[in-house]
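Trainee: coords below, sequence missing:
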C-alpha cells in the first residue's frame with residue numbers, strides 16, 4: 001500500500017492510495033484484488049458504509065500485478081485516536097463502529113458481487129473455518145499442540161447457526177479511520193467475505209469497554 005499525490009494539468013492535486021497484489025510467491029496470504037475492488041465499489045455505490053472512495057482498477061497490465069487506487073482518507077487510525085483515552089471517550093467511537101457493522105452485515109447476500117464465495121449452508125461454512133485451523137497446524141514448520149487443541153475445541157463447541165452475511169474480515173483498530181469530522185471509516189477490505197457477523201462484535205466490545213451501546217441499544 002502506497003500513498004501518493006496526483007496532480008492534473010491545472011495543478012490540482014488528489015490524495016490517493018495504491019493497493020497492489022504482491023508478485024506470485026512473495027505474499028504470505030493470498031487475497032484477490034478483483035474481489036476487494038468489487039466489494040468496495042458495491043459498498044461505495046450503496047453509500048451507507050464509510051470507506052475510501054474507489055478511483056481506478058487495473059487487472060495487471062499497468063504495474064504487472066492486479067491493483068487499484070482509492071481516495072486517501074483524512075484522519076488517523078482508531079489505535080492512535082484512542083491511545084490513552086478512557087471509556088467515556090471510547091464509547092462514542094464504539095457506537096459508530098456498531099452502526100458501521102450493522103450496515104455492512106445488512107447488505108443482502110444477493111446484492112454481493114459474484115467474486116465472493118457463497119457458502120452452501122451454515123454447517124459447510126463453520127466446518128471450513130475449523131478446517132483452516134487444522135491446515136495451519138498441518139502446514140506449520142513443526143506440530144503445534146495449541147492450534148490442534150483449538151481446532152478440536154471448536155469442533156466440540158460449534159456456535160449455534162446464524163444467518164451468514166458480509167463481513168469485513170479484518171476489523172481492528174488499525175483498519176478503522178477516524179476523520180476530522182468524527183466519521184468512522186473502514187479500510188483494507190482484502191479479507192471481506194460471506195461469514196458469521198457475530199465475530200466482529202468482539203472488536204466493538206474492546207473499543208467501547210462494555211457490551212452495550214451508550215444509548216442502551
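Mentor: Perfect, thanks for sending it. Everything numeric here is computed off the predicted structure, so don't read it as measured data. Numbering: from 1, shown residues only.
Trainee: which residues of the chain fall in helices?
Mentor: Here the chain has its helices, by DSSP state H, at 33-46, 78-81, 87-105, 122-139, 145-156, 201-208.
Trainee: what bridges to the nearest residue to residue 112 once chain neighbours are set aside?
Mentor: Using CB to CB, 6 or more residues apart in numbering and skipping the chain neighbours, the partner closest in space to residue 112 is residue 166 (5.9 Å). Where you see a C-beta, it was placed from the backbone N, CA and C, and this is true even at glycine. Note on residue 166: beta-bridge partners residue 194, judged by DSSP bridges.
Trainee: What score does residue 166 have for pLDDT?
Mentor: pLDDT, residue 166: 95.
Trainee: Point to the residue nearest the middle of the chain.
Mentor: Centroid-nearest residue in the chain: residue 168, 3.1 Å away (criterion: CA atoms, centre = their mean).
Trainee: pretty sure that one contacts residue 187?
Mentor: No. Counting by CB atoms under 8 Å, residue 168 stays clear of residue 187, with 9.6 Å between them.
Trainee: Show me the common contact partners of the two, please.
Mentor: Common contacts of residue 168 and residue 187 (CB atoms under 8 Å, 6 or more residues apart in numbering): residue 175.
Trainee: Okay, residue 133 and residue 148: tell me how far apart.
Mentor: To residue 148, residue 133 is 8 Å away according to CB to CB, to the nearest Å.
Trainee: between these two, which one's more packed in?
Mentor: The neighbour comparison of residue 133 against residue 148 (other CB atoms under 10 Å) goes to residue 133, with 19 against 16.
Trainee: Just give the number of residues close to the closest residue to residue 188 other than its chain neighbours.
Mentor: Distances taken as CB to CB, 6+ apart put residue 175 closest to residue 188, at 4.6 Å, once the chain neighbours are dropped. By the criterion of other CB under 10 Å, residue 175 has 20 neighbours.
Trainee: Show the contacting residues for residue 175.
Mentor: Residue 175 neighbours (CB under 8 Å, 6+ apart): 77, 168, 186, 187, 188.
Trainee: for these, which one is nearest residue 124?
Mentor: residue 168 (21.4 Å; CB to CB).
Trainee: remind me which residues of the protein are low pLDDT?
Mentor: Applying pLDDT under 70 to the chain flags residues 24-29, 200-217.
Trainee: In it, where's the longest strand?
Mentor: Determined from DSSP state E, the single longest strand within the chain is strand 13-20.
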